[in-house]
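Trainee: please find the sequence and the predicted model below.
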Amino acid sequence: MFREMRRKRQLMSNEDTVAVMERCTNGILACTGDEDYPYAVPVSYVYSNGRIYFHSAKAGHKVDSILANPKVSFAVVDEDTIVSGEYTTYFRSVITFGKARIADGDERLDAFHALVEKYSGDQSVADKEMEIAKCENAFIIAIDIEHMTGKEAIEFVRARG
């Protein structure tokens with residue numbers, strides 16, 4: 001169903017791919033927008049329990065697009081160093097495909113805790129709980145990943161030997 005990566009030597013292991021998802025702080029959500037135009041938007045996210053979570057207002061282009069067609073892709077770039085003498089970049093990135101949905105109940109609360117911990121881990125527990133309580137009017141969007149691949153520059157592959 002999903003295409004195999006053409007440059008298989010540059011395919012990252014599942015462990016390395018997950019590590020990229022865990023350490024990156026933003027990604028690009030791509031979905032079908034108005035009049036079937038692609039809609040891509042940067043979001044801060046957390047990768048938790050094998051899913052991608054981000055928060056969203058309850059109304060807007062992103063939510064409308066997801067409700068109309070839950071099939072999405074999500075991409076992160078972990079590294080992208082320009083190597084001018086080689087006319088290229090040394091990169092590491094991940095792309096996922098899955099279905100987005102509005103999380104609720106314990107899953108919603110757990111995802112909010114994971115997001116707050118990732119982005120405000122140095123704050124007091126009381127402050128974190130206050131922040132979560134203020135987000136009653138926000139959605140948590142979950143992406144149930146169906147396919148995920150990591151790719152890195154061939155120079156990184158060669159360096160590992």
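Mentor: Cool, got the structure. These numbers were taken from a predicted model, which means no experiment stands behind them.

Trainee: could you find the closest non-adjacent residue to residue 43?
Mentor: Spatially, and ignoring its direct neighbours in sequence, residue 43 is nearest to residue 54 (4.4 Å; CB to CB, 6 or more residues apart in numbering). All C-beta atoms are positioned from the backbone trio N, CA, C, and that covers glycine.

Trainee: which residues does whatever helix or strand that neighbour lives in contact?
Mentor: Per DSSP states H and E: residue 54 is located in strand 51-57. When contacts are taken as CB atoms under 8 Å, 6 or more residues apart in numbering, the neighbours of strand 51-57 outside the stretch itself are 21, 27, 29, 43-47, 62-63, 74, 96, 98, 103, 111-112, 114-115, 135, 137-145.

Trainee: show me the helices in the chain, by range?
Mentor: Remark: helices of the chain, listed N- to C-terminal, are 14-23, 61-68, 105-120, 125-133, 154-160; assignment by DSSP state H.

Trainee: can I get these in a markdown table including mean neighbour count and distance to residue 90?
Mentor: A markdown table is the format used below for those (neighbours: other CB atoms under 10 Å; distance: least, CB to CB, whole Å):
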| stretch | mean neighbour count | distance to residue 90 |
| --- | --- | --- |
| helix 14-23 | 16 | 14 |
| helix 61-68 | 16 | 32 |
| helix 105-120 | 16 | 26 |
| helix 125-133 | 12 | 37 |
| helix 154-160 | 12 | 5 |
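
Trainee: out of the ones you listed, nearest to residue 91?
Mentor: Across the helices of the chain, residue 91 has its closest neighbour in helix 154-160 (8.4 Å, CB to CB).

Trainee: chain center to the closest one: distance?
Mentor: In terms of CA atoms, centre = their mean, to the nearest Å, the gap separating the centre of helix 154-160 from the centre of its chain is 25 Å.

Trainee: list the helices and strands it packs on?
Mentor: Under the contact criterion of 3 or more CB pairs under 8 Å, 6 or more residues apart in numbering; DSSP states H and E, the helices and strands touching helix 154-160 comprise strand 88-103.
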